[in-house]
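# Give me the fold of what follows.
(one chain, ligands or ions: 1)
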Amino acid sequence: MDRRSFISEEERIPDHSHILLITTGSVASIKAPLIVSELLQYANVKVEVVSTTKSLSFFKAADVIEAGSRVWTDEDEWSDDYKIGDPILHIELRRWADLVLVAPCSANTLSKIAHGTCDNLVTSLLRALAPTTPTYIFPAMNTLMYEHPLTAEHVRIIRDIVRYKVVGPIGKGLACGDIGLGAMTEWRDIIRIAVDKLQLIRKSSQV
Ligand SMILES: Cc1cc2nc3c(=O)[nH]c(=O)nc-3n(C[C@H](O)[C@H](O)[C@H](O)COP(=O)(O)O)c2cc1C
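Below is the predicted model:
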(Lines give C-alpha, C1' and ligand atoms only; values in the text may rest on other atoms or scores of the structure.)
Protein backbone atom coordinates (compact mmCIF):
# COMPACT_ATOMS: atom_id res chain seq x y z
CA MET A 1 0.00 0.00 0.00
CA ASP A 2 1.26 3.48 -0.88
CA ARG A 3 2.16 5.72 2.06
CA ARG A 4 0.08 8.86 2.37
CA SER A 5 2.12 11.92 1.52
CA PHE A 6 2.19 15.25 3.36
CA ILE A 7 4.27 18.15 2.10
CA SER A 8 4.18 21.26 4.25
CA GLU A 9 4.69 23.71 1.38
CA GLU A 10 1.65 22.29 -0.41
CA GLU A 11 -0.50 21.98 2.71
CA ARG A 12 0.06 25.41 4.26
CA ILE A 13 -2.55 27.97 3.22
CA PRO A 14 -1.73 31.69 3.31
CA ASP A 15 -3.36 33.62 6.17
CA HIS A 16 -4.43 30.42 7.91
CA SER A 17 -3.52 29.04 11.34
CA HIS A 18 -2.17 25.51 11.22
CA ILE A 19 -2.83 23.60 14.43
CA LEU A 20 -1.28 20.23 15.19
CA LEU A 21 -3.19 18.19 17.76
CA ILE A 22 -1.10 15.36 19.20
CA THR A 23 -2.90 12.58 21.06
CA THR A 24 -1.29 9.91 23.24
CA GLY A 25 -2.41 6.83 25.17
CA SER A 26 -4.76 8.34 27.72
CA VAL A 27 -8.51 7.87 27.86
CA ALA A 28 -8.79 11.63 27.35
CA SER A 29 -7.90 11.02 23.67
CA ILE A 30 -11.61 10.34 23.35
CA LYS A 31 -11.99 14.12 23.10
CA ALA A 32 -9.92 14.38 19.89
CA PRO A 33 -12.85 14.49 17.41
CA LEU A 34 -14.57 17.09 19.61
CA ILE A 35 -11.47 19.28 19.84
CA VAL A 36 -10.95 19.09 16.06
CA SER A 37 -14.58 19.86 15.34
CA GLU A 38 -14.58 22.88 17.68
CA LEU A 39 -11.27 24.29 16.37
CA LEU A 40 -12.70 24.11 12.86
CA GLN A 41 -15.58 26.38 13.90
CA TYR A 42 -13.01 29.21 13.72
CA ALA A 43 -12.17 31.00 10.49
CA ASN A 44 -9.04 30.15 8.52
CA VAL A 45 -8.01 27.24 10.69
CA LYS A 46 -6.51 23.95 9.52
CA VAL A 47 -6.02 21.04 11.93
CA GLU A 48 -3.96 17.87 11.58
CA VAL A 49 -3.94 15.13 14.23
CA VAL A 50 -0.86 13.05 15.03
CA SER A 51 -1.52 10.05 17.23
CA THR A 52 0.48 7.40 19.03
CA THR A 53 -0.59 3.83 18.38
CA LYS A 54 -2.00 3.54 21.91
CA SER A 55 -4.11 6.67 21.64
CA LEU A 56 -5.97 5.17 18.67
CA SER A 57 -7.67 2.79 21.12
CA PHE A 58 -9.68 5.70 22.47
CA PHE A 59 -11.21 7.30 19.36
CA LYS A 60 -11.97 6.46 15.76
CA ALA A 61 -9.85 8.11 13.07
CA ALA A 62 -13.05 8.16 10.99
CA ASP A 63 -14.62 10.58 13.51
CA VAL A 64 -11.67 12.96 13.13
CA ILE A 65 -11.95 12.71 9.35
CA GLU A 66 -15.67 13.42 9.56
CA ALA A 67 -14.86 16.48 11.68
CA GLY A 68 -12.65 17.76 8.85
CA SER A 69 -9.11 16.68 9.69
CA ARG A 70 -6.76 13.72 9.24
CA VAL A 71 -4.92 11.37 11.60
CA TRP A 72 -1.22 10.65 11.07
CA THR A 73 0.46 7.67 12.72
CA ASP A 74 3.73 5.75 12.80
CA GLU A 75 2.53 3.71 9.81
CA ASP A 76 2.52 6.85 7.68
CA GLU A 77 6.13 7.65 8.64
CA TRP A 78 7.81 4.48 7.47
CA SER A 79 8.14 2.78 4.10
CA ASP A 80 10.53 0.15 2.78
CA ASP A 81 11.26 2.10 -0.41
CA TYR A 82 12.54 5.41 0.99
CA LYS A 83 14.61 7.42 -1.50
CA ILE A 84 16.86 10.38 -0.74
CA GLY A 85 14.79 13.53 -1.21
CA ASP A 86 11.47 11.91 -0.32
CA PRO A 87 9.53 14.02 2.21
CA ILE A 88 9.97 12.91 5.83
CA LEU A 89 6.64 13.04 7.61
CA HIS A 90 7.76 14.20 11.08
CA ILE A 91 9.77 17.05 9.50
CA GLU A 92 6.95 18.08 7.15
CA LEU A 93 4.42 18.13 10.00
CA ARG A 94 6.64 20.26 12.22
CA ARG A 95 7.28 22.68 9.33
CA TRP A 96 3.53 22.93 8.84
CA ALA A 97 2.59 23.65 12.46
CA ASP A 98 1.96 27.14 13.84
CA LEU A 99 0.80 25.73 17.18
CA VAL A 100 1.15 22.32 18.80
CA LEU A 101 -1.27 20.94 21.39
CA VAL A 102 -0.31 17.66 23.06
CA ALA A 103 -3.74 16.78 24.43
CA PRO A 104 -3.72 14.44 26.19
CA CYS A 105 -0.08 13.83 27.12
CA SER A 106 0.38 10.41 28.75
CA ALA A 107 2.92 9.78 31.53
CA ASN A 108 4.91 7.77 29.00
CA THR A 109 5.10 10.51 26.36
CA LEU A 110 5.75 13.13 29.07
CA SER A 111 8.75 11.07 30.17
CA LYS A 112 9.93 10.63 26.58
CA ILE A 113 9.77 14.37 25.89
CA ALA A 114 11.74 15.12 29.09
CA HIS A 115 14.42 12.61 28.09
CA GLY A 116 14.60 13.63 24.44
CA THR A 117 13.47 10.22 23.27
CA CYS A 118 12.26 10.17 19.67
CA ASP A 119 11.14 6.64 18.83
CA ASN A 120 7.81 7.29 17.14
CA LEU A 121 6.15 9.89 14.90
CA VAL A 122 4.92 12.00 17.84
CA THR A 123 8.23 12.23 19.69
CA SER A 124 10.35 12.59 16.51
CA LEU A 125 8.14 15.49 15.49
CA LEU A 126 8.42 17.14 18.90
CA ARG A 127 12.19 16.67 18.99
CA ALA A 128 12.47 18.31 15.54
CA LEU A 129 10.16 21.21 16.38
CA ALA A 130 11.49 24.75 16.07
CA PRO A 131 11.79 26.33 19.54
CA THR A 132 9.71 29.23 18.22
CA THR A 133 6.62 27.04 17.64
CA PRO A 134 4.28 27.52 20.62
CA THR A 135 3.74 24.11 22.22
CA TYR A 136 1.31 23.22 24.99
CA ILE A 137 1.37 19.98 26.96
CA PHE A 138 -1.82 18.81 28.69
CA PRO A 139 -0.89 15.88 30.97
CA ALA A 140 -3.56 13.29 31.72
CA MET A 141 -2.95 10.28 33.92
CA ASN A 142 -3.96 8.38 37.04
CA THR A 143 -3.46 10.39 40.25
CA LEU A 144 -0.65 8.19 41.55
CA MET A 145 1.11 8.36 38.18
CA TYR A 146 0.87 12.14 38.42
CA GLU A 147 2.07 12.16 42.03
CA HIS A 148 5.00 9.86 41.24
CA PRO A 149 8.18 11.85 41.98
CA LEU A 150 9.46 11.35 38.43
CA THR A 151 6.45 13.18 36.97
CA ALA A 152 7.35 16.42 38.78
CA GLU A 153 10.89 16.12 37.45
CA HIS A 154 9.68 15.52 33.88
CA VAL A 155 7.36 18.52 34.11
CA ARG A 156 10.19 20.67 35.48
CA ILE A 157 12.49 19.72 32.58
CA ILE A 158 9.76 20.29 30.01
CA ARG A 159 8.91 23.72 31.47
CA ASP A 160 12.41 24.98 32.28
CA ILE A 161 14.63 23.33 29.67
CA VAL A 162 12.43 22.34 26.73
CA ARG A 163 10.30 25.44 27.41
CA TYR A 164 6.90 24.09 26.48
CA LYS A 165 3.86 25.32 28.40
CA VAL A 166 2.48 22.63 30.69
CA VAL A 167 -1.21 23.15 31.51
CA GLY A 168 -3.02 21.03 34.12
CA PRO A 169 -3.82 18.35 34.97
CA ILE A 170 -7.01 19.09 36.90
CA GLY A 171 -8.64 17.23 39.77
CA LYS A 172 -11.85 15.22 39.28
CA GLY A 173 -13.17 11.67 39.14
CA LEU A 174 -10.91 9.83 36.68
CA ALA A 175 -11.87 7.18 34.13
CA CYS A 176 -10.02 4.58 36.24
CA GLY A 177 -12.34 5.24 39.20
CA ASP A 178 -9.85 7.21 41.32
CA ILE A 179 -10.69 10.74 42.40
CA GLY A 180 -7.88 13.28 42.38
CA LEU A 181 -5.41 15.25 40.29
CA GLY A 182 -4.66 13.77 36.86
CA ALA A 183 -7.48 14.59 34.46
CA MET A 184 -6.73 16.49 31.26
CA THR A 185 -7.63 20.19 31.29
CA GLU A 186 -11.23 20.62 30.13
CA TRP A 187 -11.34 20.51 26.32
CA ARG A 188 -13.09 23.90 26.17
CA ASP A 189 -10.16 25.45 28.05
CA ILE A 190 -7.76 23.86 25.53
CA ILE A 191 -9.74 25.47 22.72
CA ARG A 192 -9.63 28.80 24.58
CA ILE A 193 -5.81 28.62 24.79
CA ALA A 194 -5.55 28.06 21.01
CA VAL A 195 -8.08 30.80 20.25
CA ASP A 196 -6.26 33.33 22.46
CA LYS A 197 -2.80 32.40 21.20
CA LEU A 198 -3.72 32.57 17.50
CA GLN A 199 -6.36 35.31 17.86
CA LEU A 200 -8.93 33.13 16.12
CA ILE A 201 -12.35 34.44 15.14
CA ARG A 202 -15.41 32.20 15.22
CA LYS A 203 -16.91 31.69 11.75
CA SER A 204 -20.44 32.50 12.85
CA SER A 205 -19.33 35.90 14.18
CA GLN A 206 -17.88 36.93 10.79
CA VAL A 207 -19.91 39.46 8.79
C1 LIG B 1 -7.58 1.73 29.24
C2 LIG B 1 -6.26 2.43 29.47
C3 LIG B 1 -6.26 3.73 29.87
C4 LIG B 1 -5.04 4.41 30.08
N5 LIG B 1 -5.06 5.71 30.48
C6 LIG B 1 -3.90 6.36 30.68
C7 LIG B 1 -3.90 7.73 31.06
O8 LIG B 1 -4.95 8.37 31.21
N9 LIG B 1 -2.70 8.34 31.21
C10 LIG B 1 -1.52 7.68 31.04
O11 LIG B 1 -0.47 8.29 31.22
N12 LIG B 1 -1.49 6.39 30.68
C13 LIG B 1 -2.64 5.72 30.49
N14 LIG B 1 -2.62 4.40 30.10
C15 LIG B 1 -1.33 3.74 29.87
C16 LIG B 1 -0.72 4.20 28.54
O17 LIG B 1 -1.63 3.98 27.47
C18 LIG B 1 0.61 3.46 28.30
O19 LIG B 1 1.55 3.91 29.25
C20 LIG B 1 1.11 3.65 26.88
O21 LIG B 1 2.35 2.99 26.77
C22 LIG B 1 1.27 5.10 26.47
O23 LIG B 1 1.85 5.15 25.20
P24 LIG B 1 2.01 6.51 24.37
O25 LIG B 1 2.58 7.53 25.30
O26 LIG B 1 2.95 6.14 23.27
O27 LIG B 1 0.68 6.87 23.84
C28 LIG B 1 -3.82 3.73 29.88
C29 LIG B 1 -3.84 2.40 29.47
C30 LIG B 1 -5.04 1.74 29.28
C31 LIG B 1 -5.03 0.29 28.86
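# Let me see the confidence value for L40.
Note on L40: pLDDT of 98.
# Kindly report the same for I191.
98.
# tell me which element it falls in.
helix 187-198 (DSSP states H and E).
# so V155 is in which element?
helix 149-157.
# tell me which strands and helices the helix or strand that that helix is followed by is in contact with?
Downstream of helix 149-157, the next assigned helix or strand under DSSP H and E is strand 165-166. With contacts taken as 3 or more C-beta pairs under 8 Å, 6 or more residues apart in numbering; DSSP states H and E, strand 165-166 sits against strand 135-139. C-betas here are computed from N, CA, C, even on glycine.
# What residues does this structure have near the ligand?
24-27, 52, 54-55, 106-109, 140-141, 145 (C-beta under 6 Å from any ligand atom).
# Just those residues: which are in helices?
Mapping these onto helices (DSSP state H) picks out 107-109, 145.
# Pull the most distant pair out of these.
Taking C-beta to C-beta, the two most distant members of those are T109 and M145; they sit 12.2 Å apart.
# Between those two, which is the more surrounded one?
Set T109 next to M145 and count neighbours by other C-beta atoms under 10 Å: T109 wins out with 27 against 20.
# So for that one, what's the pLDDT?
Per-residue confidence (pLDDT) for T109: 98.
# Let's verify the most centrally placed residue in the chain: helix, strand, or coil?
The residue lying closest to the centre of the chain (C-alpha atoms, centre = their mean) is I22, at 1.8 Å. Here I22 is recorded as strand under DSSP: H, G, I helix; E, B strand; the rest coil.
# What of T133?
Relying on three-state DSSP, one would call T133 coil.
# Thought L99 was touching it, still the case?
Yes. Between T133 and L99 there is a contact under C-beta atoms under 8 Å: 7.2 Å.
# more crowded one of the two?
L99 (20 against 15).
# residue contacts, the more buried one?
17-20, 133-136, 194, 197-198 (C-beta atoms under 8 Å, 6 or more residues apart in numbering).
# quick one: the strands in this structure?
Ranges of strands in the chain, per DSSP state E, are 17-23, 45-51, 71-72, 99-105, 135-139, 165-166, 170-173, 179-183.
# what mean pLDDT does the fourth one have?
Throughout strand 99-105, pLDDT has a mean value of 98.
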